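K.L.:
how would this look folded up:
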Amino acid sequence: MCGIAAVARLDGGVLEPVADALLDRMADILEHRGPDDRVTTRQGPVGMAFTRLSLVDPQHGGQPLVSDDGNLVLIANGEVYNHRELAATLPAGTTLRTQSDCEVLLYLYREHGLKFLDSVRGMFGIILWDRKNDVLVLARDRFGIKPLYYHRNDRRIVLGSELKTLFADADTPRRFDWAAALANPYLTSAASLHDRAPDTWFEGLESVPAATILRIELNGGATARHRYWQFPTETVPDARAEDLVESYGQVLASSVAECATADTEIGLFLSGGIDSASVLAHAVGQLDQLHTFTVLSASTYLNGDAEHAHRLAEKFGVPNHQVVFDPSRVPSPEDWLRLVWLCETPLCGPEIYYKHELHRFAKQVRPDLRAMLLGAASDEFNGGYSSELSGGAGWEVCEANLRSLARQGVLRRRPELSAWWAPAEPSFLTDAAVESVAGTELADPYLSYLDWEYRKIQQYNVWHEDRTAAGSGIEARVPFLDHRLVEISATVPRHLRPRLLWDKTILREAMSGVLPEASVQRPKGPFFYGPGTRHTYQVFVRMLLQQDGALIEQALAGAESARFLDGDALRQELVRFAERPTDSPRLELALRVVNMGLLSQLVEQADTMSVTPDAGPPIEWARAWERPGIEQAVGLGPAWDLDSVPRLAPEVLLLARPGSPEWFVAVDGSIEYVLDESEPPALELLRAIDGVRSLREILDQLECTVADVSDTLAELAEQNLLAFG
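P.N.:
Next up is the predicted model:
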């Protein structure tokens, strides 16, 4: 990973020496992406800035890279995994001067022109100056894993790996794009599929599209766009399930092997799920040493991820650092501002915070670590959300719900049709009516869903994976975003989708015999959502309300914020969250609203902003895996005395409605909680508490452990609704 930036004249002129100061400032801003080296250069109409994180050929792989005839100059951020294979295809007599994985791109471009990326596997953002033809060539990898942004006017273009780099230029506007942000369906988690291109969140700033090459003439600015890869839109009707599984397993092994190649140390984020476990299984034989890192929080303890990661690391004989996040670890307002500025997105939330802190910890304990393997982006293309999309009801319901989401996406563009599909009411029309009026086919909603996921990973997943790693001088590597893998999953024929894409069966079968069977069959669990979500959300409510709500007040301070945000409603909602801890997703929506206000302020202070936090990184759980101690460490309260007798407070009543699966918890005559029979063991625990039996006796009756009910016990105790005698 590196930081790249450039400024170029588009009017045929030459850059003046004053541009040197701009290039130096851009290099300063990108220093966290490349702490090992920096270079700035200016020649003719083009100036470049480069900061290097050395992973391949640390001694000789510096940039800019220049072709042997001097006509091509390149700076690149990322990795070309198959560079040796590509170098072997170059014309006889071509001599590469370094072992850098990116140098081959110069000669591929000289040989193939705008088709030079067709056979490249990797992740990259590229700025290439073709001196002979007086053009600038910009490109990104197929999934936009590595970022590249720009702002241009008639006279010049400025480019950089991060948005903040562009603000070093006085002619780049500094305005948060409220109109685009408020209409962004990813920000609101709108229940629809759509084809919206990723936003940059700031007015006048654009991103080079994924899988795309831009060719810009430096004498006039004329621009051509070449798409070198398309997300698959056709299935392979005659494909066999066994062949697809075999191919998937082979390509995954190849992808991990390529991602696990470097001349420096590589680590792994190990969540406990099958995705990162699969990466571990294939990577462990590739590396001399492999340290793994796991979030240990109330959430990951209760959903079993942390313990399973611990057991997996033991199985494969690699160190596992369990990094503790307890409720007392609340980001300060200053540290949250720095994180939002590092990530440059209002989508900054708990997941991003955890990953950022995990990278910081990894860098502290392994200073030579330069890259981190991730299990990200498997769910998106392997049916990881199929059960969630169907409510556990099966593939047919999943497809039906996707069809509804696809229709909602069309109705967003033609809102006058939405009255025909009123909520909770049957429509008198078929999908053909939408297709006829909107001119859009809904024939295969699953392919529409995959296209939506393709855009979502660019707006959220790879965006934050890049920034959270870069903040600690680490490169994030994503084996599941090898385009060969995605093409296998995306082209599974419709009749095989229930067989292979329900709950990631294609991956599970590919890993059978490679992973322990318990890992292969372990149900999918979210990163921190689930039984412990409420504990995580409490941390961020405390963050927003600390210092008399300093972050909220700063978010509301700007004129634009006051125009667009209802401060009273925001304050009241957060106070309610504090008084009654919740796992409602509205907490994250409120946090995103605050982030929008903060970004609108921070962009005006870009010259003085830092991305380095003041607080130290979290600590590691270095003792044996002992439940009572861990429960205390992650803030789940005291180790519950199994021989004590739990009693509900006198004002608490458990009520049922005849013939309904719903149960109600009333406090002082007001219904405070609604549970149904699909929520064991919480409901079963409440029904079993009789003020006579001990907690041990109740758990024996329910055939569960204290870990299964810790969240319920803690919530009741926090509200003074439960006591022990």
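
K.L.:
okay, buried residues for the longest helix that the chain contains please.
P.N.:
As assigned by DSSP state H, the longest helix anywhere in the chain is helix 533-556. Using 16 or more other C-beta atoms under 10 Å as the test for burial, helix 533-556 gives 533-541, 543-545, 549-552, 554-556. The C-beta positions use only the backbone N, C-alpha and C, and glycine is treated the same way.

K.L.:
distance from it to the middle of the chain?
P.N.:
Averaged C-alpha coordinates place helix 533-556 at 22 Å from its chain's average position (C-alpha atoms, centre = their mean, to the nearest Å).

K.L.:
from the chain's centroid, how far away is the helix or strand that that helix is followed by?
P.N.:
Downstream of helix 533-556, the first helix or strand assigned by DSSP states H and E is helix 559-564. In terms of C-alpha atoms, centre = their mean, the centre of helix 559-564 is found 29 Å from the chain centre.

K.L.:
show me what the helix or strand just after helix 559-564 is packed against.
P.N.:
Next helix or strand after helix 559-564 toward the C-terminus (DSSP H and E): helix 567-579. The contact analysis (3 or more C-beta pairs under 8 Å, 6 or more residues apart in numbering; DSSP states H and E) places helix 567-579 against helix 533-556, helix 586-602.

K.L.:
who does Ala76 form a beta bridge with?
P.N.:
Per DSSP bridges, the residues bridged to Ala76 are Ile126.

K.L.:
wait, isn't it in contact with Met1?
P.N.:
No: with contact defined as C-beta atoms under 8 Å, Ala76 and Met1 do not form a contacting pair (10.5 Å).

K.L.:
identify the contacts common to those two.
P.N.:
Counting by C-beta atoms under 8 Å, 6 or more residues apart in numbering, Ala76 and Met1 have no shared contacts at all.

K.L.:
Asp169 falls within a helix, correct?
P.N.:
No: counting by DSSP: H, G, I helix; E, B strand; the rest coil, Asp169 is not found in a helix; it is coil.

K.L.:
tell me where the stretch 351-500 of the chain has strands.
P.N.:
Counting by DSSP state E, counting those that start in this stretch, the stretch 351-500 of the chain has strands at residues 369-373, 475-477.

K.L.:
quick one: secondary structure of Glu246?
P.N.:
Once three-state DSSP is applied, Glu246 turns out helix.

K.L.:
skipping its backbone neighbours, what lies nearest it in space?
P.N.:
Closest residue to Glu246 apart from its sequence neighbours, by C-beta to C-beta, 6 or more residues apart in numbering: Ala510 at 7.6 Å.

K.L.:
point out the most buried one among the strands of the stretch 351-500 of the chain.
P.N.:
strand 475-477 (a mean of 27; mean count of other C-beta atoms under 10 Å).

K.L.:
neighbouring strands - and their directions - for that strand?
P.N.:
Applying DSSP bridges, one finds strand 475-477 paired with strand 369-373 (parallel).

K.L.:
who touches the partner strand?
P.N.:
1, 53-55, 256, 259-260, 262, 264-269, 276, 279, 283, 291, 293, 359, 362-363, 469, 473-477, 479.

K.L.:
so where's the stretch 401-550 of the chain uncertain?
P.N.:
Judged against pLDDT under 70, the low-scoring parts of the stretch 401-550 of the chain cover residues 422-425, 438-441, 525-532.

K.L.:
ignore what I typed, I meant the chain.
P.N.:
In the chain, residues with pLDDT under 70: 56-61, 422-425, 438-441, 525-532, 637-640, 676-681, 707, 711, 714, 718-719.

K.L.:
outline the domain layout of it.
P.N.:
Domain ranges of the chain: 2-227, 533-608, 640-724, per automatic domain parsing.
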